[in-house]
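Participant: sequence-free structure coming up:
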């Protein structure tokens, strides 16, 4: 009876009859978290983020990020949201962790000053911010929260139904990999949306390619990982290939070659 009840609950979360069309993803999706609650979630998290990492005191950098970011926000699929683009210092965290950007639910986008300094043009900066806006427009954080509820139920079904420890272990690995696959899918979707938004905002979308190309070059000079387990983000070379396809409608020759030493060092 417990298993039946859990399965019924999971079916409720994916019921097509209750789905709404999401223009960012182009799919009918059931979102049970309201937009007002999403914004409250993001606001609460933003207070913790700013307290932990600290906002930059460089007004010029902050103004540039706001100016570039707002051009993206104005043309995205959820332009009705109030977006904030804020620059973090992160002086108390390792330097390598400060080359990063991320989005919170409800329109909150953060980028570390070190990553802003990495960019060589507004086009490159816009590509990073557009990727994060893509996550918000597609409601990736909201869907991941809902997906976690479903995965929790699936894990419980696994525990109740598996008859031996080895089967339970294999099932748990499969469930974890399913969650990681969703993350990879979301990253690719955010990249695709970023190209759309960059073009609409009159930025050169090739800024995304030039920026990732430099990141890839840096990664290839770093530590080599021979095996990637539960990799949550696509290889940068995979992302660059997809971006080239979205921008030009075709793959370049180099896009067919996956860099053999590439490591998963990029978070954004």
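Facilitator: Everything's here; your move. What you are looking at is a predicted structure, and each value in this text was computed from that prediction instead of being measured.

Participant: Quick check: phi and psi on residue 21?
Facilitator: Recorded main-chain torsions at residue 21 are phi -80, psi 130, according to degrees, to the nearest 10.

Participant: Please apply the same query to residue 116.
Facilitator: Dihedral angles of residue 116 (phi, psi; degrees, to the nearest 10) stand at phi -60, psi -40.

Participant: Ignoring the adjacent residues along the chain, who's closest to it?
Facilitator: Spatial nearest neighbour of residue 116, chain neighbours left out: residue 61 (5.6 Å); criterion: Cβ to Cβ, 6 or more residues apart in numbering. For the C-beta atoms, the positions are set from N, CA and C on the backbone; glycine is no exception.

Participant: Just say helix, strand or coil for residue 32.
Facilitator: For residue 32, the secondary structure call by DSSP: H, G, I helix; E, B strand; the rest coil comes out as coil.

Participant: Chain neighbours aside, what residue packs nearest to it?
Facilitator: In space, not counting the residues next to it along the chain, residue 32 is nearest to residue 146; the distance is 6.3 Å by Cβ to Cβ, 6+ apart.

Participant: pretty sure that neighbour contacts residue 33?
Facilitator: Yes. In terms of Cβ atoms under 8 Å, residue 146 counts as a neighbour of residue 33; the distance is 6.8 Å.

Participant: Out of those two, name the residue with the larger neighbour count.
Facilitator: In terms of neighbours (other Cβ atoms under 10 Å), residue 146 is the more surrounded of residue 146 and residue 33; the figures are 18 against 15.

Participant: could you measure the more buried one against residue 84, distance?
Facilitator: Going from residue 146 to residue 84 by Cβ to Cβ, to the nearest Å gives 24 Å.

Participant: so which strand or helix has the residue nearest to residue 32?
Facilitator: In this assignment (DSSP states H and E), residue 146 forms part of helix 140-161.

Participant: cool, residue 109 as well?
Facilitator: When elements are assigned from DSSP H and E, residue 109 belongs to strand 108-112.

Participant: Give me the contacts around that strand.
Facilitator: In this structure, residues lying in contact with strand 108-112 by Cβ atoms under 8 Å, 6 or more residues apart in numbering are 42-43, 45-46, 49, 53, 65, 69, 83-90, 98-104, 128-129, 132-133, 136.

Participant: what about burial for these, which qualify?
Facilitator: Among those, those scoring as buried are 42, 46, 49, 53, 65, 69, 83-90, 98-104, 128-129, 132-133, 136 (criterion: 16 or more other Cβ atoms under 10 Å).

Participant: just for the stretch 101-250 of the chain, where's the confidence low?
Facilitator: Along the stretch 101-250 of the chain, the parts satisfying pLDDT under 70 run over 147-164, 167-182, 219-237, 249-250.

Participant: so how many other residues sit close to residue 205?
Facilitator: Using other Cβ under 10 Å, the number of residues around residue 205 comes to 22.

Participant: helix or strand for the nearest residue to it once chain neighbours are set aside, which one?
Facilitator: Among residues not flanking residue 205 along the chain, residue 198 sits closest, at 4.2 Å (Cβ to Cβ, 6+ apart). Assigned by DSSP H and E, residue 198 belongs to helix 165-200.
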